[in-house]
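Q: Fold the following, please.
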Amino acid sequence: MSRVGKNPVTVPSGVTIDLKDQDIKVKGPKGELTLAVHPKVSVKFENGAITVAPNAKDMESRALWATMQRRISNMVQGVTEGYTKDLEIEGVGYRCNLQGSELVLQLGFSHDIRYPIPQDITIVVEKQTQIKVSGIDKAKVGQIASEIRGYRPPEPYKGKGVRYAGEYILRKEGKKK
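A: Next up is the predicted model:
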């Protein structure tokens, strides 16, 4: 029995659920998300809650049970509250700014990095060293934050680079004379 999968997903007021066969559509105040549920899992919407159950007793069905429950839960939370990831840039001369629908990063390379912002994602540059990525799809927000961080991950000697807010960087000791 899955500890995660057995919990029903409560649907708050203002959120509508449209369930057709194996497709679920969640619509809320912030937007709309859809998901094609795996055929080894069944989904039911009743009494203001979504319940997910496996169709068989094999390992794959039980594994997908909790995965689908969590993805539906993330969709409901995304259309009501949304998700944000904060990034910090540290290093001399490292900075960023917005130019139209592009995020321009200056990370110590010979050229600027121009990152096109997708339609359903909002990127806000609060300072030149702080980026806030927000949207309704948790996976997409995390993927975009990871791609931005991947241009210059923090290095272990001085900690220069792009990091998540609050991320701990394990520091190494430099050479000794």
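Q: can we go C-alpha only for contacts and neighbour counts from here?
A: Noted.
Q: Regarding residue 79, what is its secondary structure?
A: helix (DSSP: H, G, I helix; E, B strand; the rest coil).
Q: Surely it and residue 34 touch.
A: No. With contact defined as C-alpha atoms under 8 Å, residue 79 does not count as touching residue 34 (10.9 Å).
Q: Could you chop the chain up by domain?
A: 9-80, 83-164 (automatic domain parsing).
Q: Now render those as TSV, adding mean pLDDT, distance to residue 175 and mean neighbour count.
A: Conversion of those to TSV gives the following (pLDDT from 0 to 100; distance: least, C-alpha to C-alpha, whole Å; neighbours: other C-alpha atoms under 10 Å):
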stretch	mean pLDDT	distance to residue 175	mean neighbour count
domain 9-80	88	46	17
domain 83-164	92	10	17
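Q: Throw those domains into a markdown table and include distance to residue 174, thanks.
A: Supplementary listing: the domains of the chain in a markdown table, determined by distance: least, C-alpha to C-alpha, whole Å:
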| stretch | distance to residue 174 |
| --- | --- |
| domain 9-80 | 43 |
| domain 83-164 | 7 |
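Q: wait, which of these is closest to residue 3?
A: Smallest distance to residue 3 across these (C-alpha to C-alpha): 8.0 Å, for domain 9-80.
Q: The closest one: end-to-end distance?
A: Taking C-alpha to C-alpha, to the nearest Å, domain 9-80 runs 13 Å from one end to the other.
Q: closest one to residue 176 among the domains of the chain?
A: Here domain 83-164 is closest among the domains of the chain (C-alpha to C-alpha), at 13.2 Å.
Q: thinking again about what came up before, out of the domains of the chain, which is closest to residue 173?
A: domain 83-164 (6.8 Å).
Q: CA atoms only for the helix or strand hosting residue 115, dumped as PDB, please.
A: Using DSSP states H and E, residue 115 sits in strand 113-116. Taking C-alpha atoms only, strand 113-116 is exported to PDB below (Å, rounded to 0.1, in the frame of the first residue of the first chain):
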ATOM      1  CA  ILE A 113      24.000  34.400 -22.600                       C
ATOM      2  CA  ARG A 114      20.500  35.100 -23.900                       C
ATOM      3  CA  TYR A 115      17.800  32.800 -22.500                       C
ATOM      4  CA  PRO A 116      14.400  33.000 -24.200                       C
END
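Q: Tell me how far that strand lies from the chain's centre.
A: What separates the centre of strand 113-116 from the centre of its chain is 19 Å, taken as C-alpha atoms, centre = their mean, to the nearest Å.
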